[in-house]
Structure formats: structure tokens, C-alpha cells
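1. From the sequence below, what's the structure:
(2 chains)
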Amino acid sequence: MQNETRLEAGKPEKVFLSKGVREHLVAYSFIAPNFIGFAVFTLLPMFFAFVLAFVKWDGANPMAFIGINNFTRLIHDTTFHKALWNTVVYTVGVVPVTMICALGLAILLNQKIFARNFLRTVVFFPYVASLVAVAAVWNFIFSPTLGPLNNILHAITGVPIEELPRWAADKDWAMFTVVLFTVWKSMGYYMVIYLAGLQGINPELYEAAQLDGANAWRRFRNVTVPQLAPTTFFVLMILVINSFKVYDIFINLFAGADNQLNDSTRVMVYQIYNTAFRSLDYGYASAMAIVLFLLVLGITIVQFNGEKKYG
Amino acid sequence: MVGTDKRLKIVMVAFVYILLFVIVLCMLVPYVWMISASLKLNKDVFSFPIQWIPALPRWQNYVDIWNRIPLGLFIFNTAKLAIVVTFLQLLTSSFAAYAFSKLRFKGRNLLFLGYIATIAIPWQAYMVPQFIMMRSLGLNNTHLAIICLQAFSAFGVFLMRQFYQGIPDELCEAARIDGLSEYGIWARIMVPLSKPALSTLTIFTFVSTWNDFLGPMIYLTKTPLKTIQIGLRMFISQYSAEYGLIMAASVVSIIPVLIVFLGLQKYFVQGIASSGIKG
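-> As a prediction, this is how the structure comes out:
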């Protein structure tokens, strides 16, 4: 890089490199600092992941190539199936609720209402607030007998506290609790994307619809929804992909050690983490990671095709 | 007819405001409870009905947390990582983005496509080989590992390029004619003009590095190296019954992000809006 700086500073006609080559070198010198780091720490491990999926390795003993054995093992691994299933259940729970809340809030907070910017900030803040901290609060709020939530529910409904849901502590309610928490934490982010989408709609469309005598519902149905289709599609994809990557929410929402994660709340990334860093079964963990990658890739391909159709 | 319309409108407006009130309540109550609990003795944290403002606020909780865990060190570690990562991100991303948007060279589109293609690949899919690689480089249990991991993102390059695309090429041409080198154009024209994009990237990177959980959990297993998120989590499982202290430590861990967020939130929201939707 230093060389090029000197070349630039010197008299161009005396330089032995032709103009074209020099221009290329300058361009590459701009890209190099980022690209070298990116190639070494991102691209290389990405390729390495494919290799690792076909070996058996504990990190200490010699690596052994075992072909597709890791994948055949996955087919029979009921724990992994459960983790995959839980991830899907979580996704199916989070996606529609978040989308509806985010769109509703965006429409609401796109109106000229009192303290609009403050409200947007309030809804958005959980997204940037530290997960560990806010999960700790919710843990206490959800706490079965002492927690404010059940005490309030008890006060309102009169149902004895023992009969109320035990939230994160109950395996039948745990997934519901995580979904609730996730929606609270992340809907502000998707609201902002929807707000951008709403602001991109030509106001003349609404004026025309109003002149045609369309009421609020019809304006929503026939102007907002179709105009927002690309945004909705984008939000849907990001939400699905983010739901597949989930891990930290699960381990933070369940108080104490993560061994409390039982079958009903074990997700894919937890399984990858555990297999690699606890059981030191790097090859097998990578095979799981490839499954995760393929799922996300599949979703991305659907997005590309969908964008062509609706975008 | 007009009368019912008007009445309907009033009902609607009232409904909207009630709805807003409920939303604000749901969004804010957890924080209020957090702050309130952070000023209480353990035995008072769960008293019901909730006493929002404790009669005798226990500020001692905010003193005790610093002695129970090396909170100062954790915050220092996190701040160090967040600042270095953010600085490197801004520098290398805007540098690369300049070439991708304003210079012509062989392989430009192919290389940029390579960056874009990897944005959608979740880090969790290659975190294992990445860890093995870092370990073989002797970087596990170093802050450098987290820095290398976070500092060179495809997203940063993408975001900055999107912004630079909007700056007219004629500006660069004029500067070239005036004898400014490409580095000079980057430093004197592009960087000053791209403050909104730089602010967006700053807040994205700072907040995500500050809040990162899985990365430090994998790489930083030695206590003196840990970040605030890992430290806080350790503290929670270790002293799981000391509610007041846990809440005080949680409040402290959120404050830096709150400050950065409030300071740059205008850009942050714009950034999400413009980078979220394809440009």
C-alpha cells in the first residue's frame, strides 16, 4: 500500500507501471484491508465447514475422513430431530405474530399522533438493549409464584397462582414464553422496516382511493397491502432466517445453567454449540451446521424468486 | 349522517390512544421494574402489590456490584472491543466501498457479488471451523479473536457502498482534475460526505459488539478477558437469588448502549430503513 502512495505522489510519467495497471493497484489497495480480513476470517472458515462435515475429529487426535457418515448419523439422531423441530415450532410461532405486531405498530406510528417519535423509540429500544439484561428482567417477571405477571393475573382473574402457567419453568409453556419474549424484543426492528415501506407508498394512491369512496379498511386492503408486498416479503425472510439462528434467547431466558434446557426448548444452534464445544465432536457439529446453512440457503432462494415475482 | 361519522371518529381516536397506552406500558414496564428492583432489598423485590418507588431506595446495590464481580474490568473489555471493532469496520468498509463504487477494475462486480452472497450465510453455520482456525493460530482466549471475527464484515462494505453510489461521480472527477489522489478523494470528499452512513455503521457495529453473547462465550473463557454480557450472565447464575444486585448490574450494562442509541438514533433508524430495503 505504501508503494502505491509513493507512486501517486511521484511524477506519473517516470513510473514504470502503465496507467491501467496503476489504477488497478490503487483500486485493489482500497479493497485489500477489508478483503484480506474477510477472506481469512469469513470465507476460509465457510469452505472449511464443508470439509469438516465429512470428517471425524475431536481437535486433538488425527482427523479421519468418514464420508457422509456424519449425515447418515444425523438422519437417525432423535435429539437433533427434536432440536430441528423446536426451531421450526419457534419460527412458526414468532414469524406471524411479529409481522402482525410490526405492521400494526408501523401503521399506527406512521399517523400524526401525540409523541410519535418517543413512541417509536420506546418500541424500538428493546431491540438494542442487551439481551442478557432484559432476559433477566423477564425471567423475574415470568417467575411462577413470586413474579409480578402471575400475581397480576391472579389479582385480575382470581385464579389461584398454583393453577396459572409456570411460563419458562413449564415445558408446555416454555416455547410460548420464548415466543412472547422474542416478539417483545424484536418487533421494533421490523416496525422500522415497515415504516420505511409505508413512507415509500405514493400518497396519491390513497387520495385516489378516497375519491373513489374507499373506506379505511378498503384503502388498507387495496392500497397498503399490495404496495407493501415487497417489504412484507423481505420482513418474512429476515424473520425466518433470524429465527433459525436463534440460540442466545433460549439460554438466557431460562434462569440458571443451560442444562435446564430440556427437550422442548433445545434448538439447532444449541445442538451445534454443544456438539462442538462440549462433546468436542467437530465433524458432527459441522454436519449440523451444513443442515442449518442449507435451510437458510433454501429460504434465500425462495426470497430471490419471490422478489422477482413481487418486488 | 355527519354526526355519526364524527362520533365514530372520536371513538376511533380514543381506541387508538388506549391501544398506544397499553403498548407503551408493555414496552416500558420491564425497564421500570428493573430499575425499581435494582433499588430494593431481596426480600422486597417480589412484594405485591408492586411498590414502584421503594420507600428507602437501596443505592448500596449499585456499589456492591462492583465488588462482587470485576464489573469495571468487564466493561473496560467490552468497550475496548466495541471501539476497536467499530473503528476497523468504519475504516476498512468505507475504504473498500470507495473502490467498489467509484473505481473501475477487473473483477469488481464478481468480488462485490462474493461479498453480497455471504451476507445471508449465518455465522452460526461456520462458527465451529472458525473457532478451530483461530485456535490453531493461537488466538482463542484473546481479544484479537473477537476483533478479527467482527471487524471485517460484508455488511459494512455493502452499507457504505450503497451510500457512496448516491454521491455523484462528477465530484470525484473534478477532484481528480484538481490533482487529488484517490486516497485524497476518499479522505477529503467521501468520508466527510458520508457522515450519516458512518453513523449508521457505528451504531450497528458498536451495539452488536457490545451486546454480542455467543462470540465471547466461545472465545473468552478466562474471567479477566470476559465481556459485560458474559460477566453478567455468570453473575446471574452465581448469585441467582440476589435480585437487587442482578437488576443493578443489568441497568449498568444497558446504559452505554442507551447513550449511543439516543445520540445516534436518527441515523440508526434511517440506516435500517435504507439498508433493510434493497437499494
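
2. Per-residue pLDDT of the closest residue to B:Val45 other than its chain neighbours, please?
-> Of all residues not flanking B:Val45 in the chain, B:Tyr243 sits nearest, at 4.2 Å (CB to CB, 6 or more residues apart in numbering or on different chains). Glycine gets a C-beta too; all of them are placed from N, C-alpha and C. Here, the pLDDT recorded for B:Tyr243 equals 89.

3. any idea how far A:Pro148 is from B:Tyr243?
-> Going from B:Tyr243 to A:Pro148 by CB to CB, to the nearest Å gives 12 Å.

4. For the residue nearest to B:Val45, grab the count of nearby residues.
-> If you count neighbours by other CB atoms under 10 Å in any protein chain shown, B:Tyr243 ends up with 24.

5. and the gap between it and B:Ile69?
-> Taking CB to CB, one finds B:Tyr243 at 16 Å from B:Ile69.

6. rewinding a little: could you list every residue that touches the residue nearest to B:Val45?
-> Residues in contact with B:Tyr243 (CB atoms under 8 Å, 6 or more residues apart in numbering or on different chains) are A:140, B:37, B:40, B:42, B:45-46.

7. Quick check: the gap between it and A:Ile238.
-> B:Tyr243 is 35 Å from A:Ile238, where distance means CB to CB.

8. cool, and B:Met127?
-> Using CB to CB, we find B:Met127 at a distance of 20 Å from A:Ile238.

9. got it, and B:Leu20?
-> Per CB to CB, B:Leu20 is found 26 Å from A:Ile238.

10. Wait, B:Met34 touches A:Val137, no?
-> Yes: shown here, B:Met34 and A:Val137 form a contact pair, counting by CB atoms under 8 Å, at 4.6 Å.

11. which neighbours do those two share?
-> Shared contacts of B:Met34 and A:Val137 (CB under 8 Å, 6+ apart): B:247, B:250.

12. which one is A:Val159 nearest to, not counting chain neighbours?
-> Leaving aside its sequence neighbours, A:Val159 sits nearest to A:Leu153 (CB to CB, 6+ apart; 7.0 Å).

13. Let me know how buried the residue nearest to B:Gln150 when sequence neighbours are not counted is, in neighbour terms.
-> Distances taken as CB to CB, 6+ apart place B:Val85 nearest to B:Gln150, at 4.5 Å, with adjacent residues excluded. If you count neighbours by other CB under 10 Å, B:Val85 ends up with 25.

14. Can you classify B:Val85 as helix, strand or coil?
-> helix (DSSP: H, G, I helix; E, B strand; the rest coil).

15. which residues touch it?
-> Contacts here follow CB under 8 Å, 6+ apart; on that basis B:Val85 touches B:146-147, B:150-151, B:205, B:209.

16. could you check the distance from it over to chain A?
-> The gap separating B:Val85 from chain A is 11 Å, by CB to the nearest CB, to the nearest Å.

17. Tell me how far that residue lies from A:Leu131.
-> Using CB to CB, B:Val85 is found at 18 Å from A:Leu131.

18. and B:Met34, what element?
-> Secondary structure from DSSP states H and E places B:Met34 in helix B:2-38.

19. Can you tell me which residue is spatially central in chain A?
-> Geometric centre of chain A, nearest residue: A:Asn242, 1.8 Å, by CA atoms, centre = their mean.

20. Need phi/psi at B:Trp52.
-> When read as degrees, to the nearest 10, the backbone of B:Trp52 gives phi -60, psi -40.

21. neighbours around the closest residue to it other than its chain neighbours, how many?
-> Leaving aside its sequence neighbours, B:Trp52 sits nearest to B:Ser36 (CB to CB, 6+ apart; 5.4 Å). B:Ser36: 20 surrounding residues under other CB under 10 Å.

22. what do you get for A:Glu307?
-> When neighbours are defined as other CB under 10 Å, A:Glu307 has 14 of them.

23. that older thread, dump the contacts of B:Val85 to TSV, plus pLDDT, secondary structure and neighbour count.
-> Below are these laid out as TSV (pLDDT from 0 to 100; DSSP: H, G, I helix; E, B strand; the rest coil; neighbours: other CB atoms under 10 Å in any protein chain shown):
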residue	pLDDT	secondary structure	neighbour count
B:Ile146	96	helix	27
B:Ile147	96	helix	20
B:Gln150	93	helix	23
B:Ala151	94	helix	27
B:Thr205	92	helix	24
B:Thr209	95	helix	25
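
24. Now do the contacts for residue 37.
-> Assuming you mean chain A. Contacts of A:Gly37 (CB under 8 Å, 6+ apart): B:92, B:148, B:151-152.

25. was after chain B, sorry
-> Contact analysis of B:Ala37 by CB under 8 Å, 6+ apart lists A:140, B:45, B:243-244, B:247.

26. Look up how far B:Val128 lies from A:Leu280.
-> From A:Leu280 over to B:Val128 the distance is 11 Å, taken as CB to CB.

27. what does A:Gly283 give?
-> Distance, A:Gly283 to B:Val128, using CB to CB: 9 Å.

28. Then A:Gly59?
-> As judged by CB to CB, A:Gly59 and B:Val128 stand 10 Å apart.

29. and for those two, which residues touch both?
-> A:Tyr282.

30. what about these two, which has more around it?
-> Neighbour tally, A:Gly59 and B:Val128, criterion other CB under 10 Å: the higher count belongs to B:Val128, 28 against 13.

31. which non-adjacent residue is nearest that one?
-> Ranked by CB to CB, 6+ apart and with sequence neighbours excluded, the top spatial neighbour of B:Val128 is A:Ala276, at 4.5 Å.

32. Identify the residues contacting the one you found.
-> A:Ala276 touches A:282, A:285-286, B:127-128, B:131, counting by CB under 8 Å, 6+ apart.

33. mean confidence score for stretch B:26-41?
-> Computed over stretch B:26-41, the mean pLDDT rounds to 92.

34. Show me where the stretch 51-200 of chain B has its helices.
-> With helices called from DSSP state H, counting those that start in this stretch, the stretch 51-200 of chain B shows them at B:60-68, B:71-102, B:108-119, B:127-136, B:143-151, B:154-165, B:169-177, B:182-185, B:191-193, B:195-211.

35. Mind putting these into JSON lines with distance to A:Arg166?
-> Output for the helices of the stretch 51-200 of chain B, formatted as JSON lines (distance: least, CB to CB, whole Å):
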{"stretch": "helix B:60-68", "distance to A:Arg166": "28"}
{"stretch": "helix B:71-102", "distance to A:Arg166": "32"}
{"stretch": "helix B:108-119", "distance to A:Arg166": "40"}
{"stretch": "helix B:127-136", "distance to A:Arg166": "33"}
{"stretch": "helix B:143-151", "distance to A:Arg166": "37"}
{"stretch": "helix B:154-165", "distance to A:Arg166": "40"}
{"stretch": "helix B:169-177", "distance to A:Arg166": "63"}
{"stretch": "helix B:182-185", "distance to A:Arg166": "62"}
{"stretch": "helix B:191-193", "distance to A:Arg166": "55"}
{"stretch": "helix B:195-211", "distance to A:Arg166": "29"}
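
36. closest one to A:Pro226 among these?
-> Comparison of the helices of the stretch 51-200 of chain B against A:Pro226 by CB to CB identifies helix B:154-165 as nearest, at 26.0 Å.

37. Now find how far off-centre that closest one is within its chain.
-> Offset of helix B:154-165 from its chain centre (CA atoms, centre = their mean, to the nearest Å): 17 Å.

38. Alpha carbons only: can I get it in CSV?
-> C-alpha atoms of helix B:154-165 as CSV (Å, rounded to 0.1, in the frame of the first residue of the first chain):
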residue,chain,number,x,y,z
ALA,B,154,-19.5,-7.8,4.2
PHE,B,155,-22.5,-5.9,5.6
GLY,B,156,-20.3,-2.8,6.3
VAL,B,157,-18.9,-2.8,2.8
PHE,B,158,-22.5,-3.2,1.4
LEU,B,159,-23.9,-0.4,3.6
MET,B,160,-21.1,2.1,2.7
ARG,B,161,-21.2,1.3,-1.0
GLN,B,162,-25.0,1.9,-1.1
PHE,B,163,-24.4,5.3,0.3
TYR,B,164,-21.4,6.1,-2.0
GLN,B,165,-23.4,5.2,-5.0
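
39. Okay then, goodbye and thanks.
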